[in-house]
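*Asks:* Just a sequence and a predicted model for now, questions to come.
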Amino acid sequence: MADAFIYDHVRTPRGKGKADGSLHEVTAIELGTQTLRAIKARNKLDTKLVEDVVFGCVDPVGEAGADIARTVALKAGYGQEVPGVQINRFCASGLDAVNLAAAQIMSGQKDMAIGGGVESMSRVGMGASGFALAVDPSVAIDTYFMPQGVSADLIATKYGFSRDDVDAFAVRSHKRAAAAWQEGRFKNSVIPVTDVNGLILLDRDETIRPNTDMQTLAGLKASFVQMGEMGGFDAVATAAHPDVEFVNHVHHAGNSSGIVDGAAAVLLGSKKGGKAAGLKPRARIRAFATIGSDLALMLTGPVDVTELVLRKAGMTTKDIDLFELNEAFSSVVLRYQQAFDIDDAVLNVNGGAIAMGHPLGATGAMILGTVLDELERTDKTVALVTLCVAAGMGVATIIERV
Amino acid sequence: MNLTNFRFETDADGIATATWDMPGRSMNVITPELMAELDQIIDKVASDDAIKGCVITSGKESFSGGADLTMLQGLRDLYVGLAKEKGEQIAMQTFFDESRKLSLLYRKLETCGKPFAAAIHGVCLGGAFELSLACQYRVVSDDASTRVGLPEIKVGLFPGAGGTQRVSRLMQTGDALQMMFKGEQIKALPARNTGLVHAVVPRDQLIQNARDWLNANPQAKALWDDPKFKLPSNKVYSPAGMQIWPPASAIYRRETNDNYPAARAILSAVYEGLQLPIDLALKVESRYFAKILRTKEAASMIRSLFVSMQELNKGARRPADVPPSKLKKIGVVGAGFMGAGIAYVTALAGIEVVLIDRDQEAADKGKAYSHKLVSDQIMKGRAKTADRDALLGRIKASADYADLKGCDLVVEAVFEDPKVKAEVIAKVEAVIGPKAIFGSNTSTLPITGLAEHAERPKNFIGIHFFSPVEKMLLVEVIMAKKTGKKALAVALDFVRAIKKTPIVVNDTRGFYANRCVGNYIREGHLMLMEGVPPAMIEAAGKQAGMPVGPLSLNDEVAVDLAWKVLKAAKAQLGDGAVDPAQEKLLSDMVEKHGRLGRKNKKGFYDYPEGGPKRLWPGLADLVGKSLDPDTVDMEELKHRLLVTQALEAARTYEEGVVTDPREADVGSIIGFGFAPYSGGTLSYIDNMGAATFVKLCEALAKTHGERFKPNRQLKRMAKTGESYYGAAEKKAAA
């Protein structure tokens, strides 16, 4: 089996996903296009070598619909020979895109491909593509469908995390992200988003609040109380997990991932592909895995998939230098940390989506690059990247510097 | 036309009126014959150029209660028969075609080219309301008795003649779902305000109003037959739909624990139907209807909650040779919570009540309870001030037993102590006439023992109410050894007069209902002592279909009462009669920790001011062990909680305490909320089959103890393949 190497990674900064966010005026196509253009420019890449562009996008409708990957590749000037495919596994789509690009290389069918993702949450609303799992009673009932926030609250209740615990984690995320920016730890990967004249629209993640503290967060009301009580979802939670007497609602906008706009791209290739392009590999994809997990908890897939991917790689958690887990909600990270007894010092060391936001289809590709930069900066070797996924799934990838 | 169930006439304007008036019935009902005649009427209206439109109204005091449920049961039998004869495929197709005939007939009416108007007075429910929904116009009388609604869900069915599709095209989706989930009967004004009917007028203007509308709208079509029709809540896949549908499924689970396939079918029929044009939507509804009609839940609920309940209410167990008793005046002794409730329901039925307690103040306090209850009704707009005055006027609160003179029946509800009861019996018998009946509302003391204190044991009977009396529908009528048939007749006449449902049982400790429900609570106690997390015990109870978990229930009836009953059983029946684990739990709860239940806000739950109740954290220490939730088998917990009750019902049946499966079933559902979808305790066994049930009991006995050992009769039934209802039918036929 061929090795799949990572040759480069770029991401846009994440703009606040609302009408007053700095990237709201930028189309989803343009966001994705700028990452591909950067890959091309930074590597002086002959784009005809790229045999596929795999892009994650969770709401591929409207301007983001009808195969955004091919559209973006064309607009970026990769040439008509370069195909593209859009995929969707909800929040992990960006990492899945990298894994699928890698898989094509590992199977020997391709020598160079791009995995990435894009989501303009301010322009294409979350849920715009429909969601039968939530809406169609014939599946919603049997799968204990709940809004993710209620699932996150259920995780906190079941595994014993208090409001203070989840708030404290959120504070940490902001502090770490702010420090990382201050020390320029993201500078290698973040490309500014520009207008048609080259004027910079955004060059820094927009939602970080370095001064966030426990007191400010304490002032926020839990977001999912009404949904839980009036909407009936608390009853669904306790029906699925009857050991939980009642759901303790602890999550709010301040300790959940932010809604943002953004895109990312990862250039992958075989040894041969890299040579043809004249590039040096930065890391190797060691293993990846996907899994289905508890439906009501919904967001504990990272625990299950981490066990699986470690098994596949013949590794244990001790072999992992850095863990990067998408911060969908505080309790997701806290439960993960609890399950594997992971030290604070090696988990999401530069903050995460609570501070910087979670552009659904792009995040997986973004955090893969973030942790690769950190491995290089600290001269460590192995990192595990994972995300929780709607409908109870998990995706994970282990990378190893070469 | 050859009509026997309708009168049909056409006025000078060309407006026809079809008056639904079935001979020999007090209430119109949808039958195959009725459907055939309606078909003729539609053809006539459509083809006769002289007719512009047609009013459908009723010649009875009410419009109609809907379809004949036994007709639906007949359909199910047809399917079972055909499946055996011609195979599953043909049987299913025939059944599907048959079961959607009513829906197609209504659609034919709706699209025949001439408008129809329903003029409704009195109740118009189920299939009858679906008929009116297919009419382009609905006008109802402003009479207090007028009600429309789709109550099918209450017997495990759902509106299968277009109801789900038309209601969800008339109302906001959420409102439509809620209306069908609850099966509520809706009064005239709310019906108009929610868009279910078009107009409310005085009764004498009903027909004219309908005729005027038809005259003015000869081209009227259903809203949904207009190509420009828009759904009231927009498309299913829209931001509005995202707000409606996920909570709808969640609320379904919360309200039903996923035990009611009919409620689930409503959701799916509406969800799928709203995405289709009406004809196809109706077809999808029919597909779900055919499925639901074949469920054991529908069959069991129709049998217990409709057929059997009606039979019991009509006096199935009443000795036919005793002439109807005229109950003018009833005495109630003991004006505590139970006595006060009995006085209220009696006065509400228009009967005079003498409410006695040991002093005037106590008696007045009991009467004040009636004042409170009617006042609550007034606040809710369900009664008028005059009703309160009249009702209170019928209750005489007194401390003087002499006031009981002239009572046809006296019910005592005094303290549960044989000595106190004996005194009351003597005092009452001293003043009432020799023909008057004495009823004892005891829940714990055997009636035969109490009857020993009576001068006239023939006239002595148990009349066991459930708390709170004004809400609980069941009354257990208990025969002591010497109780005569006149006492039984009077007791049943009384129960009927106060609009409750009686079951007649023979005397035993705990009678029927409390024996079963006592087992439910005990099983919860024992699970707790095994270390099952208490939240899981409670969830298992609810998921099994009980209204509340066993620990909640014990808190409601009082933990010290359970302790008292256990001690009494031990004293009278010996150590073997009680479970040591339960004894330790109750003793610790009551004696050590003073946890008596909701009444002192300290039971298995804590009851904080202004917040919801929460399981008492001290339970963990009291029990001393806690199982890992992942190792607890919820399915087994649910089985244990239902089996222990059903098995107790089977024992009471073998002992002759309950003698009729209908009574065991109806009593279990309305008395203690036994999983209504099952049809009741004995239906639960019949549906599973005695052999399977016995196997389940034996498996549980192996892991959890002798209390699950099946009784002899059950084991015999397991061998012969007999069922409770099968045997009862055979006996009735013989």
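*Replies:* Received, thanks.
*Asks:* Report how many residues lie close to the nearest residue to A:M356 once chain neighbours are set aside.
*Replies:* Closest residue to A:M356 apart from its sequence neighbours, by Cβ to Cβ, 6 or more residues apart in numbering or on different chains: A:D205 at 4.3 Å. (C-beta placed from N, C-alpha, C; glycine too.) The local packing of A:D205 (other Cβ atoms under 10 Å in any protein chain shown) involves 25 other residues.
*Asks:* cool, and A:G364?
*Replies:* A:G364, neighbours per other Cβ under 10 Å, totals 31.
*Asks:* Let me know how buried the residue nearest to A:R176 when sequence neighbours are not counted is, in neighbour terms.
*Replies:* Distance criterion Cβ to Cβ, 6+ apart; nearest residue to A:R176, sequence neighbours excluded, is A:G351 at 3.8 Å. When neighbours are counted by other Cβ under 10 Å, A:G351 registers 24.
*Asks:* Could you tell me which residues of chain A lie near chain B?
*Replies:* A:125, A:127, A:130-131, A:134-138, A:140-141, A:144-147, A:227, A:230-233, A:235-236, A:238-239, A:241-246 (Cβ under 8 Å from any Cβ of the partner chain).
*Asks:* From the residues you listed, which land in strands?
*Replies:* Among those, no member falls in strands (criterion: DSSP state E).
*Asks:* if I've got this straight, A:A179 is in a helix?
*Replies:* Yes. Assignment of A:A179 by DSSP: H, G, I helix; E, B strand; the rest coil places it within a helix.
*Asks:* quick one, what contacts it?
*Replies:* Residues near A:A179 by Cβ atoms under 8 Å, 6 or more residues apart in numbering or on different chains: A:N350, A:G351.
*Asks:* Now the helix or strand bottoming out on mean pLDDT in chain B: buried residues?
*Replies:* The weakest-scoring helix or strand in chain B, judged by mean pLDDT, DSSP states H and E, is helix B:69-86 (a mean of 86). Judged by neighbour count using 16 or more other Cβ atoms under 10 Å in any protein chain shown, the buried positions of helix B:69-86 are B:L69, B:M71, B:L72, B:Q73, B:L75, B:R76, B:Y79, B:L82, B:A83.
*Asks:* For B:L274, state which of these is nearest.
*Replies:* Nearest to B:L274 out of these is B:L72 (Cβ to Cβ; 25.6 Å).
*Asks:* I'd like to know how far that closest one sits from chain A.
*Replies:* Going from B:L72 to chain A by Cβ to the nearest Cβ, to the nearest Å gives 24 Å.
*Asks:* Go ahead and confirm that residue touches B:L293.
*Replies:* Yes. Between B:L72 and B:L293 there is a contact under Cβ atoms under 8 Å: 6.2 Å.
*Asks:* give the contact list for the nearest residue to A:V72 once chain neighbours are set aside.
*Replies:* Distances taken as Cβ to Cβ, 6+ apart place A:G32 nearest to A:V72, at 3.7 Å, with adjacent residues excluded. Neighbouring residues of A:G32 by Cβ under 8 Å, 6+ apart: A:F55, A:I68, A:A69, A:T71, A:V72, A:A76, A:G116, A:V118, A:A263, A:A265.
*Asks:* swap in A:R11?
*Replies:* A:35, A:189-191, A:262-265, A:362, A:365-366, A:369-370.
*Asks:* B:M379: how many residues sit nearby?
*Replies:* By other Cβ under 10 Å, neighbour count at B:M379 equals 9.
*Asks:* in terms of contact, does B:V307 touch B:L72 like I think?
*Replies:* No. Counting by Cβ under 8 Å, B:V307 sits too far from B:L72 to count as a contact (11.2 Å).
*Asks:* Backbone torsions only: list them for the residue in the stretch 551-700 of chain B positioned nearest to chain A.
*Replies:* In the stretch 551-700 of chain B, the residue that lies nearest chain A is B:P629 (3.5 Å; Cβ to the nearest Cβ). Dihedral pair for B:P629: phi -50, psi -30, per degrees, to the nearest 10.
*Asks:* so where is chain A shaky, pLDDT-wise?
*Replies:* Scanning chain A for pLDDT under 70 picks out no residues.
*Asks:* can you give me the strands for it?
*Replies:* Using DSSP E, the strands of chain A run over A:5-11, A:15-16, A:53-56, A:84-87, A:112-120, A:193-194, A:200-202, A:260-269, A:283-292, A:322-325, A:382-389, A:393-401.
*Asks:* between those strands, which gets nearest to B:G680?
*Replies:* strand A:283-292 (39.5 Å).
*Asks:* what's the angle from that closest one to strand A:5-11?
*Replies:* 70 degrees (axes from the mean of the first three to the mean of the last three Cα atoms, to 10 degrees).
*Asks:* Now strand A:283-292: buried residues?
*Replies:* Buried-residue list, strand A:283-292, by 16+ other Cβ under 10 Å: A:A283, A:R284, A:I285, A:R286, A:A287, A:F288, A:A289, A:T290, A:I291.
*Asks:* again with stretch B:407-422
*Replies:* Going by neighbour count (16+ other Cβ under 10 Å), the buried part of stretch B:407-422 is B:C407, B:D408, B:L409, B:V410, B:V411, B:E412, B:A413, B:V414, B:E416, B:K421.
*Asks:* Pick the one among those residues closest to B:E255.
*Replies:* B:A413 (33.9 Å).
*Asks:* how is chain B carved up into domains?
*Replies:* Annotated domains of chain B cover B:6-294, B:329-507, B:514-728 [automatic domain parsing].
*Asks:* and the ones you listed as CSV, adding distance to A:R89?
*Replies:* Formatted as CSV, the domains of chain B follow (distance: least, Cβ to Cβ, whole Å):
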stretch, distance to A:R89
domain B:6-294, 20
domain B:329-507, 51
domain B:514-728, 27
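*Asks:* So for A:G15, which of those domains sits nearest?
*Replies:* That would be domain B:6-294 among these, by Cβ to Cβ, at 22.9 Å.
*Asks:* burial of B:D97, as a residue count?
*Replies:* B:D97, neighbours per other Cβ under 10 Å, totals 12.
*Asks:* Kindly report the same for A:T207.
*Replies:* Per other Cβ under 10 Å, the neighbour tally for A:T207 reads 20.
*Asks:* Just give the closest residue to the residue of chain A positioned farthest from its centre, not the sequence neighbours.
*Replies:* Residue farthest from the centre of chain A, counting by Cα atoms, centre = their mean, is A:E245 at 32.3 Å. Computed as Cβ to Cβ, 6+ apart, the closest residue to A:E245 that is not its neighbour in sequence is B:A535, at 3.9 Å.
*Asks:* can you pull the contacts of that neighbour?
*Replies:* Taking Cβ under 8 Å, 6+ apart, one finds A:T238, A:P242, A:D243, A:V244, A:E245, B:L615 in contact with B:A535.
*Asks:* most surrounded residue in those residues?
*Replies:* Neighbour counts for the contacts of B:A535, by other Cβ under 10 Å, peak at A:T238, which reaches 25 neighbours.
*Asks:* what are the ranges of the strands in the stretch 1-150 of chain B?
*Replies:* Residue ranges of the strands in the stretch 1-150 of chain B, as given by DSSP state E, counting those that start in this stretch, are B:6-10, B:15-20, B:53-58, B:116-120, B:123-125, B:137-141, B:147-149.
*Asks:* Looking at those, spot the one closest to chain A.
*Replies:* strand B:147-149 (22.3 Å).
*Asks:* Which one of the strands of chain A lies nearest to B:Y684?
*Replies:* B:Y684 lies closest to strand A:283-292 among those, at 34.8 Å (Cβ to Cβ).
*Asks:* Let me see the residues that make contact with that closest one.
*Replies:* A:3-6, A:89, A:92, A:95-96, A:98-99, A:102-103, A:106, A:268, A:301, A:304-305, A:308-309, A:312-313, A:372, A:375, A:382, A:392-402.
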